[in-house]
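*Asks:* coordinates only, sequence not included:
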């Protein structure tokens, strides 16, 4: 289950002088200085309003209770894909961790025989057959325990019996305590490890020799010839040369399986960790570090998808499989298939870990189940900073951080190491930590271990830990660069672009002017249909992006820029191009304001929501009484200007993904719009100050804009 570390974080020195609060949705927030809020902000998790004014918190922003909010339940998912063994926050050895997990699964399996419904509710996501599901997890636990111990399956079963024997006969073990807090869970795990597991596996090799001897002498199985050959002296029942060291049970016994898990187990038992810090760190995170080699493939996939969808306003709601079917070129489809399969494989191995770790925290429901080509939504693959796109960004950023951690570790303990840095765009196979366990790590371990065999005794394996660390560092870790987190591919939909920054850059390069009223009327009259407005708006959006980067001649005609510079004549209809020729580059911001508002007006006519990207706190209902109070303002003021300015405010300041300068929903709309127009240095509406109702808040701004549009339509129909 994903652990909640907020209570543990309160003890960190850097946070001791801060006050802990929680947002209306329960996410923790910090307040500095005197410990009482003096300004508003957004919750980093759910984006709701937090903070306060004049030391008074906003509604729902309350002092956080000291409660552990760790989510309960079994979240390991499909046992067939459960390759990663991670216990980063557990103060217990790998063998202890695996034994506790195995016994947990056994207890749940037994529970299915008594109350299968209760066990079904524990497993997240729910499965159709909990008994088979848990049995597969038990087999996976035994397999991982066997690899860690480097024992045969029979010897692994004996280790489990030793653990159960110690557990049954342990008198010092306390009764099961309340496990509702992380500290209590850690204490219980520490007690189990110290009082039960450590004594059970102490002098394990000697215990296994004694137990195997007992098995060979057991009359129920001792008569079996194979048992005698494997577990006892074959000379007692076979005619073999006397005094020959080759004719003993040790020769017939299975050699211990060499693996990174076994090496880690040996280091923990012999307390060699402090002498080989690089090797210790490597073994702790090896099952994750082996996935770093896929980083170039994942970055290439992100780059390709970003280029493919960079100018789109909306990504199709389709699966990865459906997306691949839309690609006509066989080589391109094959490349995408390979890279998407790579993404799904890596994601399935790290998904539960990314819920609580990494720079980008993803919601728990995003990592609830494994992905495949059919249930993986295309949006999951797109590198974004919100929604399902967080999955792709979080995965790549975590792998980059993992590589960087090892580069820093090597630098810390290796004098000659001097790391350098590269951009994510430049990452190739040569830059990442890359190895194969079977082809690279196992031969390295075999070349640095010695087998000692004595007659009548077990084979003893001795590792040269120092030499293993040296060779591992020189061959796979040393000389690798730091990878910058800046420059990770990020897809931003057109409607999610921060046009406040774009217009600021444009104004620094090209002085902007307002559109004459006559031009506004002509453009509004010529672009009547929704498709025409959208086509013109797309051309203006593309132009704005280029002008923000490169600038241009303020007096250059917009249609000339589209034809000669951007080469967009083929993508733009002659009618739209003819309409845009009335504008120059110095009008681009005013034209964007006009067309974006016209697009929203057309959406209303088509019964579509033009403000789907606006936060819900700006969409409160207007009563009929308030609408009546607005009518005198609409009659006397320039309603067209009001519609344009309010629409721009909503678009730039009230989006779902927006900056901390978003306008507070509790502010007066009159004051907010007035200050917005003042910052833009445009002529304010005198009627806004004199007639506009004081009681209307920013939270009602969307409905106020719709009311203004409705009034405008009424006036047009009346004049006709």
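*Replies:* Sure thing, it's come through. What you are looking at is a predicted structure, and each value in this text was computed from that prediction instead of being measured.
*Asks:* can you classify residue 38 as helix, strand or coil?
*Replies:* Following DSSP: H, G, I helix; E, B strand; the rest coil, the label given to residue 38 is coil.
*Asks:* which residues are in contact with it?
*Replies:* By C-beta atoms under 8 Å, 6 or more residues apart in numbering, the contact set of residue 38 is 51-55. In short, each C-beta sits where N, CA and C put it, glycine included.
*Asks:* narrow those residues to those that are buried.
*Replies:* Buried members of the contacts of residue 38, counted by 16 or more other C-beta atoms under 10 Å: 51-52.
*Asks:* just give me the closest of the contacts of residue 38 to residue 387.
*Replies:* Minimum distance to residue 387 across those is 24.7 Å, recorded for residue 51 (C-beta to C-beta).
*Asks:* and whatever helix or strand that closest one lives in, which strands flank it?
*Replies:* Applying DSSP states H and E as the criterion places residue 51 in strand 49-53. The strands that strand 49-53 pairs with in its sheet are strand 40-42 (antiparallel), strand 56-57 (antiparallel) (by DSSP bridges).
*Asks:* in which helix or strand would I find the spatially most central residue of the chain?
*Replies:* Ranked by distance to the mean C-alpha position of the chain (C-alpha atoms, centre = their mean), the top residue is residue 394 at 3.3 Å. Taking DSSP H and E as the criterion, residue 394 maps to helix 390-413.
*Asks:* mind checking what helix or strand follows that helix in sequence?
*Replies:* Next helix or strand after helix 390-413 toward the C-terminus (DSSP H and E): strand 421-422.
*Asks:* buried residues, stretch 27-34. List them.
*Replies:* In stretch 27-34, counting by 16+ other C-beta under 10 Å, buried: 27-29, 31.
*Asks:* from those residues, which is closest to residue 170?
*Replies:* Closest to residue 170, out of all of the buried residues of stretch 27-34 and judged by C-beta to C-beta, is residue 28, at 38.4 Å.
*Asks:* ok, now which ones touch the closest one?
*Replies:* Counted by C-beta under 8 Å, 6+ apart, residue 28 has contacts 6, 20-22, 64.
*Asks:* could you do residue 108 as well?
*Replies:* 74, 119, 122, 130, 134.
*Asks:* need the residues you listed in a markdown table (columns: pLDDT, neighbour count and distance to residue 377).
*Replies:* Formatted as a markdown table, these follow (pLDDT from 0 to 100; neighbours: other C-beta atoms under 10 Å; distance: C-beta to C-beta, whole Å):
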| residue | pLDDT | neighbour count | distance to residue 377 |
| --- | --- | --- | --- |
| 74 | 80 | 19 | 24 |
| 119 | 88 | 22 | 30 |
| 122 | 87 | 15 | 27 |
| 130 | 89 | 22 | 27 |
| 134 | 92 | 24 | 29 |
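*Asks:* for those, which one is nearest residue 106?
*Replies:* residue 134 (8.3 Å).
*Asks:* that closest one in helix, strand or coil?
*Replies:* Looking at residue 134 with three-state DSSP, the answer is helix.
*Asks:* lowest-confidence helix or strand of the chain?
*Replies:* Lowest on mean pLDDT, DSSP states H and E among the helices and strands of the chain sits helix 6-9, with a mean of 49.
*Asks:* let me know the next secondary structure element after that helix.
*Replies:* Toward the C-terminal end, the helix or strand that comes next after helix 6-9 (DSSP H and E) is strand 19-22.
*Asks:* list the helices and strands that following strand packs on?
*Replies:* On a contact count with 3 or more C-beta pairs under 8 Å, 6 or more residues apart in numbering; DSSP states H and E, strand 19-22 meets strand 28-31, strand 62-63.
*Asks:* so which of those strands is nearest residue 277?
*Replies:* Smallest distance to residue 277 across the helices and strands packed on strand 19-22 (C-beta to C-beta): 32.8 Å, for strand 28-31.
*Asks:* what pairs with that closest one, parallel or antiparallel?
*Replies:* Paired neighbours of strand 28-31 in the sheet (DSSP bridges): strand 19-22 (antiparallel).
*Asks:* contacts made by the strand it pairs with with the rest, please.
*Replies:* By C-beta under 8 Å, 6+ apart, the residues outside strand 19-22 that reach it are 6, 10, 28-32, 35-37, 50, 57, 61-65.
*Asks:* now do the residue nearest to the centre of the chain against residue 462, distance only.
*Replies:* Per C-beta to C-beta, to the nearest Å, residue 394 is found 42 Å from residue 462.
*Asks:* what does residue 302 give?
*Replies:* According to C-beta to C-beta, residue 302 stands 46 Å off from residue 462.
*Asks:* which one's more surrounded, the two?
*Replies:* residue 302 (24 against 12; other C-beta atoms under 10 Å).
*Asks:* so what's the backbone phi/psi at the nearest residue to residue 512 once chain neighbours are set aside?
*Replies:* Nearest residue to residue 512, sequence neighbours excluded (C-beta to C-beta, 6 or more residues apart in numbering): residue 589, at 4.7 Å. Dihedral pair for residue 589: phi -70, psi -40, per degrees, to the nearest 10.
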